[in-house]
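1. coordinates only, sequence not included:
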């Protein structure tokens with residue numbers, strides 16, 4: 001490829017020094033250039049002085065408070081100069097040639113607004129986490145990743161249009177962000193990239209999965225499975241997502257599904273297991289939505 005476009009790589013760190021260092025080490029081995037790399041520190045208690053010394057080519061942005069996934073990424077996106085912006089979780093490591101096929105896809109089709117890599121589990125590198133998505137069912141609020149927990153196979157080496165990207169490795173055309181705005185910061189954690197993808201599609205852009213691009217994900221290292229923090233934001237943000245992206249009968253159906261199916265099942269499961277802290281977080285996520293109505297504002301990207 002001649003005249004390769006600049007890629008702005010963005011990762012967000014919150015008390016994840018070792019994971020962030022491992023990611024930056026893997027990025028030093030990639031075959032693609034030119035790139036610029038941003039690390040946004042989301043109010044960590046850990047010092048990143050050692051990383052700054054080891055990776056002088058990286059731009060470090062320090063936030064005094066934890067702005068969440070969307071807010072942290074947005075800080076770097078506002079400074080990025082690349083034609084394409086790649087959001088990478090700091091608990092990932094990348095294949096040396098992962099960028100070229102993503103860029104080729106973007107360059108070949110200007111309708112593509114977002115491309116996601118194939119995601120494989122870091123500790124089981126032949127098992128898929130993500131190879132595309134069925135999207136969120138507007139009537140139930142539920143969605144599924146294609147290939148989830150399957151062994152990697154030939155059919156997943158191809159690239160194809162899909163419904164949702166995965167925020168762990170998501171390349172975005174900068175013109176798309178200029179068109180629709182930044183990720184919605186009210187989500188803080190979970191569903192922000194799903195909401196962003198729905199806005200991408202409504203603006204007429206396509207979302208693609210790139211089977212030739214491999215990223216290895218150390219899933220749930222930062223939050224942990226079944227934590228109160230995770231339970232609260234998954235519940236709260238699932239409802240916010242439905243309210244922002246459904247209307248009429250779709251929204252009514254999704255809310256009824258949650259109230260009469262998802263909520264009773266979740267409530268009884270947590271109660272019978274004696275998980276009272278999770279039950280409190282589950283209810284807190286629901287009640288947040290009963291008292292908050294200003295959920296539709298999106299931050300606009302200031303063009304450099």
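-> Ah, there it is. Source: prediction; values computed, not measured. Numbering: from 1, shown residues only.

2. low pLDDT regions in the stretch 201-304 of the chain?
-> 220-225, 301-304 (pLDDT under 70).

3. all helices for it, in order.
-> With helices called from DSSP state H, counting those that start in this stretch, the stretch 201-304 of the chain shows them at 228-245, 248-257, 263-273, 276-291.

4. most tightly surrounded among those helices?
-> For these, the largest average neighbour count (mean count of other Cβ atoms under 10 Å) is found in helix 228-245, namely a mean of 21. In this view, the C-beta of every residue, glycine as well, is placed from N, C-alpha and C.

5. got the angle for that helix vs helix 263-273?
-> 180 degrees (axes from the mean of the first three to the mean of the last three Cα atoms, to 10 degrees).

6. how far does stretch 23-38 sit from the chain's center?
-> With Cα atoms, centre = their mean, to the nearest Å as the basis, stretch 23-38 stands 19 Å off its chain's centre.

7. each with direction, which strands does the lengthiest strand in the chain pair with?
-> In the chain, taking DSSP state E as the definition, the longest strand is strand 206-217. Applying DSSP bridges to the sheet, strand 206-217 is found paired with strand 92-94 (antiparallel), strand 112-121 (parallel), strand 159-161 (antiparallel).

8. ok, and the closest non-adjacent residue to residue 135?
-> The shortest distance from residue 135 to any non-neighbouring residue, by Cβ to Cβ, 6 or more residues apart in numbering, is to residue 163 (3.0 Å).

9. helix, strand or coil for that neighbour?
-> coil (DSSP: H, G, I helix; E, B strand; the rest coil).

10. thought it was touching residue 137?
-> No: if you go by Cβ atoms under 8 Å, residue 163 and residue 137 don't touch, sitting 10.3 Å apart.

11. name the residues contacting each of those two.
-> Between them, residue 163 and residue 137 share these contacting residues under Cβ atoms under 8 Å, 6 or more residues apart in numbering: residue 143.

12. distance of residue 29 from residue 252?
-> Applying Cβ to Cβ, to the nearest Å, the value for residue 29 to residue 252 is 51 Å.

13. residues touching residue 182, list them.
-> Neighbours of residue 182 in contact, by Cβ under 8 Å, 6+ apart: 70, 74, 77-78, 298-301.

14. how close does the residue of the chain most remote from its centre get to residue 141?
-> Centroid-distance maximum for the chain: residue 272 at 32.3 Å, with Cα atoms, centre = their mean. The gap separating residue 272 from residue 141 is 23 Å, by Cβ to Cβ.

15. who touches stretch 36-49?
-> Here stretch 36-49 has contacts from 6-17, 20, 24, 27, 51, 55, 57-68, 71-73, 75-76, 79-82, 90, using Cβ under 8 Å, 6+ apart.

16. gap between the two ends of that stretch?
-> 19 Å (Cα to Cα, to the nearest Å).

17. residues contacting the nearest residue to residue 16 once chain neighbours are set aside?
-> Of all residues not flanking residue 16 in the chain, residue 90 sits nearest, at 5.2 Å (Cβ to Cβ, 6+ apart). Contacts of residue 90 were listed using Cβ under 8 Å, 6+ apart, and they are 11-13, 16, 19-20, 23, 39, 222.

18. columns secondary structure and distance to residue 195 on top of the residues you listed, output as CSV?
-> CSV is the format used below for the contacts of residue 90 (DSSP: H, G, I helix; E, B strand; the rest coil; distance: Cβ to Cβ, whole Å):
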residue, secondary structure, distance to residue 195
11, strand, 20
12, strand, 17
13, strand, 23
16, coil, 24
19, helix, 25
20, helix, 25
23, helix, 25
39, strand, 24
222, coil, 20
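
19. how about the residues you listed, which pair is most distant?
-> 39 and 222 (14.5 Å; Cβ to Cβ).
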